[in-house]
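In: What follows is a predicted structure for the sequence shown.
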Amino acid sequence: MEILLNEIIDRNRHLIENGKVANYIPALAKADYRKIGVTVAGRTGSLLYSAGDYNEKFTLQSISKVISFLVAAMDNGLDHIFEKVGLDSTDEPFNAFTKLDLPNIHKPANPMINSGAILTTGMIKGDSQERFQKILELTRRMANNPYIGYDEEVYLSEKETGSRNRSMAYLMNSKGILDGDVEGVLDTYFKQCSIQVDTMDLAKIGRFISSGCEGIDIKGISRKDMSVMVKGLLFTCGMYNYSARYAIEVGIPSKSGVGGGIMGILPDGMGIGIFSPALDENGNSSAGIGIIKELSRRLHLNIFDDRKLQADLEAY
Ligand code: DON
C-alpha cells in the first residue's frame, strides 16, 4: 500500500505547479508548496498507511466545519440546526454571501460554507473559549491524539484579516439569523480554523466518522445515522462549488480546507487524509485532488463503483 501511495504522489506532484498557496490569510502564505503527504486509515483499529510528508503539520481550516457541526448537533439536536441553516448544495465559492442579502433568503445554504459554519459554531453552547474547547476536545477524540493544538500565528492572522467573514457574520446578525456575541462567535471560528493536524490525524478523523461516530450523542438520531448523514452532507457540499464534479470524478464524501488538507470518508470505516498546500481556483488542494482522484480510480473507492476493493488493502 505504501508503495502505491508513493507512486500516486509522484505521478501527481506536477500539479502543485498549477496551484498557489493561500495568501489571503498572511500566515498561511508561509507554507512550503512542495510538501505532499497522504495517509489512508484502514478499517481495523490502528492500521495506517502513509507516504510523503505525512508528519507535516497544517491547519484544518474549513475541515473544522465538520467538527463544529457535530459539536453544534450534540448541543442542539439536528432539527434545531436545520431550522437555521439549509441543506442545499451551492454553486458559489466558500466565502460568498451576496445571496444572503436577498430579502427572501433567511438561511445560509449549508453548514459547510463559511456563513453556515459561522452560524453553526455560534449554536455551540458556552462562551467563545468554551465553544473552542469543545471543538478541540472532539478533534482530539476523533483523531485519538491528545496533543492536537492550534497555530496561534494563523489564528491571529485570520482574526486580523477576516473582514469577509466579519461582514457575513454582521449581515446575518442584522437579519436576525445570528444573534448574540458576534465577535465571540467569529473568534471561535478563526481559532477552530487554526487547529493543527497532520494527514494521519485527518485520516483517523475520517475513519472515526465513517465507522459510526462512536461516543457522539445527538438527540433524536443514532450514531450510525449521524455517520450516514455527515457522509451525505460532505458528498453534496464538502467541496463547495466543485462538489458536483468532485462527486462524479472522485465519488468519496470529502472536505477540503485552504490549509491544503483534504479529508475523505469512505463508506466502510476507512478514512483518507491528504496534504498539499498549493490550491486551485476553488480553494481546494491542487495535487490533493489529483491524488484522491487517482486513489479512487485505482482502488475503486468511488461509492458508485461496484468493483470496489475486492482485495484487502494489505494486498497492495
Ligand atoms: O474562513 C476562512 O476564510 C478560512 N479560515 C477557512 C476557509 C477554507 O478553508 C475554505 N476551504 N477550502
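Out: Structure's in. What do you need? Numbers count the residues shown, from 1 in each chain.
In: what sits against Phe69?
Out: By CB atoms under 8 Å, 6 or more residues apart in numbering, Phe69 lies in contact with 81, 111-112, 117, 120, 230, 233. The C-beta positions use only the backbone N, C-alpha and C, and glycine is treated the same way.
In: Considering those, which is situated nearest to the ligand?
Out: For the contacts of Phe69, the minimum distance to the ligand (CB to the nearest ligand atom) is 7.7 Å, reached by Ala117.
In: that's a helix at the closest one, yeah?
Out: Yes - counting by DSSP: H, G, I helix; E, B strand; the rest coil, Ala117 is located in a helix.
In: How many residues are close by it?
Out: Counted with other CB atoms under 10 Å, residues neighbouring Ala117 total 26.
In: ditto for Asn95
Out: By the measure other CB under 10 Å, the count of residues near Asn95 is 17.
In: My guess is it contacts Asn114. True?
Out: Yes - contact criterion CB atoms under 8 Å: Asn95 and Asn114 qualify, at 5.0 Å.
In: Just give me the residues shared between the contact sets of those two.
Out: Here Asn95 and Asn114 have 164-165, 168 as joint contacts, going by CB under 8 Å, 6+ apart.
In: Which members of those residues are positioned in helices?
Out: With DSSP state H as the criterion, helices contain 164-165, 168 from among these.
In: Just the buried ones from these?
Out: Buried residues within these, counting neighbours by 16 or more other CB atoms under 10 Å: 165, 168.
In: List just the nearest of the ones in helices among the shared contacts of Asn95 and Asn114 to Ile63.
Out: For these, the closest approach to Ile63 (CB to CB) belongs to Asn165, at 16.2 Å.
In: Is that closest one in contact with Asp187, as I believe?
Out: No - Asn165 is beyond contact range of Asp187, at 10.8 Å (criterion: CB under 8 Å).
In: what's the spacing between Pro26 and the ligand?
Out: According to CB to the nearest ligand atom, to the nearest Å, Pro26 and the ligand sit 12 Å apart.
In: count of residues packed around that residue?
Out: Neighbour count for Pro26, taken as other CB under 10 Å: 15.
In: Please list which of the ones in helices among the shared contacts of Asn95 and Asn114 are also close to the ligand.
Out: With CB under 6 Å from any ligand atom as the criterion, these include Asn165 near the ligand.
In: those helices in the stretch 101-250 of the chain, which residues are they?
Out: 114-123, 128-143, 152-161, 163-174, 182-193, 199-210, 223-237, 243-249 (DSSP state H, counting those that start in this stretch).
In: Flag the shaky bits of the protein, pLDDT-wise.
Out: For the chain, the stretches with pLDDT under 70 are 45, 308-316.
In: For Ala51, give me phi and psi.
Out: In terms of degrees, to the nearest 10, the main-chain angles of Ala51 are phi -150, psi 160.
In: what residue lies at the spatial centre of this structure?
Out: Centre of the chain computed as the mean C-alpha position; nearest residue by CA atoms, centre = their mean is Ile63, 2.0 Å away.
In: residues contacting that one?
Out: Listed by CB under 8 Å, 6+ apart, the contact set of Ile63 reads 202, 255-257, 259, 261, 263.
In: What about those residues, which are in helices?
Out: Members of the contacts of Ile63 lying in helices (criterion: DSSP H): Leu202.
In: residues contacting the nearest residue to Gly184 once chain neighbours are set aside?
Out: Of all residues beyond its chain neighbours, the one nearest Gly184 is Ser128 (3.9 Å), with distances taken as CB to CB, 6 or more residues apart in numbering. Residues near Ser128 by CB under 8 Å, 6+ apart: 181, 184-185, 187-188.
In: now the residues you listed: which count as buried?
Out: Among these, the ones that count as buried (16+ other CB under 10 Å) are 184-185, 187-188.
In: List, one by one, the residues from the stretch 101-250 of the chain near the ligand.
Out: Contact residues, the stretch 101-250 of the chain versus the ligand (CB under 6 Å from any ligand atom): 114, 158, 165, 193.
In: what about the second one, distance to Arg43?
Out: As defined by CB to CB, to the nearest Å, Glu158 lies at a distance of 36 Å from Arg43.
In: just curious, which of the ones in helices among the shared contacts of Asn95 and Asn114 is nearest to the ligand?
Out: Closest approach to the ligand among these (CB to the nearest ligand atom): Asn165, at 5.2 Å.
In: Contact partners for the closest one?
Out: Applying CB under 8 Å, 6+ apart to Asn165 gives the contacts 95, 114, 118, 186, 189-190.
In: cool, Ala203 as well?
Out: Listed by CB under 8 Å, 6+ apart, the contact set of Ala203 reads 39-41, 48, 263, 271-273.
In: Can you pick out the most distant pair from the residues you listed?
Out: So, the contacts of Ala203 by CB to CB: farthest apart are Leu48 and Met263, at 14.1 Å.
In: Neighbour count: the two, which is higher?
Out: More crowded of Leu48 and Met263, by other CB under 10 Å: Met263, with 29 against 18.
In: Make TSV from the buried ones among the contacts of Ser128 and add distance to Ala27 to it.
Out: Below are the buried ones among the contacts of Ser128 laid out as TSV (distance: CB to CB, whole Å):
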residue	distance to Ala27
Gly184	22
Val185	21
Asp187	16
Thr188	18
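In: Alright, that wraps it up for me.
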